[in-house]
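K.L.:
following is a predicted model, sequence given first.
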Amino acid sequence: METKDSKAKGSFKGLLPLIGFLVLYILAGLVSGKFDSMPLLVGMTIAGMISFILPPAEGEPKLTFQQKIMKFCKGGGEAVERPI
């Protein structure tokens with residue numbers, strides 16, 4: 001059981017890649033008149049790039065670009081176990 005002090009607090013900075021993706025997607029849809037004009041992979045790639053340039057959260061060590069890439073790939077490759 002976790003105590004109140006040991007629970008990690010969230011940060012608005014963690015939402016910036018998602019917000020960047022949504023803004024880009026909506027702007028592309030409004031400019032072109034069709035929301036299916038921008039490939040989602042392009043938007044997700046740009047959101048990933050935004051996540052690489054964010055500074056670390058308070059109390060987290062500063063990572064090199066290579067360490068950020070490794071952490072990103074490791075997190076994306078983790079399988080979610082689902083109960084049967």
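P.N.:
Cool, the structure landed. Numbering: from 1, shown residues only.
K.L.:
please count neighbours and contacts with C-alpha atoms only from this point.
P.N.:
OK.
K.L.:
find the nearest non-adjacent residue to the spatially most central residue of the chain, please.
P.N.:
Closest residue to the average C-alpha location of the chain: P17 at 4.6 Å, with CA atoms, centre = their mean. Using CA to CA, 6 or more residues apart in numbering and skipping residues adjacent in sequence, the residue nearest P17 is A47, 4.6 Å away.
K.L.:
before we move on, the earlier item: list the contacts for the residue nearest to the centre of the chain?
P.N.:
Shown in contact with P17 (CA atoms under 8 Å, 6 or more residues apart in numbering): 47-48, 50-51.
K.L.:
F21 now?
P.N.:
Counting by CA under 8 Å, 6+ apart, F21 makes contact with 43-44, 46-47.
K.L.:
now do it, the pLDDT please.
P.N.:
For F21, the model assigns a pLDDT of 92.
K.L.:
tell me the buried residues in the host helix or strand of it?
P.N.:
Following DSSP states H and E, the helix or strand that holds F21 is helix 16-32. For helix 16-32, a neighbour-count test (16 or more other CA atoms under 10 Å) marks 17-18, 20-21, 24-25, 28 as buried.
K.L.:
then stretch 49-68 to CSV, C-alphas only?
P.N.:
The C-alpha coordinates for stretch 49-68 follow below in CSV (Å, rounded to 0.1, in the frame of the first residue of the first chain):
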residue,chain,number,x,y,z
MET,A,49,9.9,14.5,-31.3
ILE,A,50,8.2,16.9,-28.9
SER,A,51,8.6,14.3,-26.1
PHE,A,52,12.3,14.1,-26.8
ILE,A,53,12.9,17.8,-26.3
LEU,A,54,11.0,18.1,-23.1
PRO,A,55,13.1,18.8,-20.0
PRO,A,56,13.1,16.1,-17.3
ALA,A,57,10.5,16.2,-14.4
GLU,A,58,11.6,17.5,-11.0
GLY,A,59,13.8,15.0,-9.3
GLU,A,60,14.5,13.0,-12.4
PRO,A,61,18.1,12.8,-13.8
LYS,A,62,18.9,14.6,-17.0
LEU,A,63,19.2,12.0,-19.8
THR,A,64,21.2,12.1,-23.0
PHE,A,65,19.4,11.9,-26.3
GLN,A,66,20.5,8.3,-26.7
GLN,A,67,19.1,7.4,-23.3
LYS,A,68,15.8,9.1,-24.2
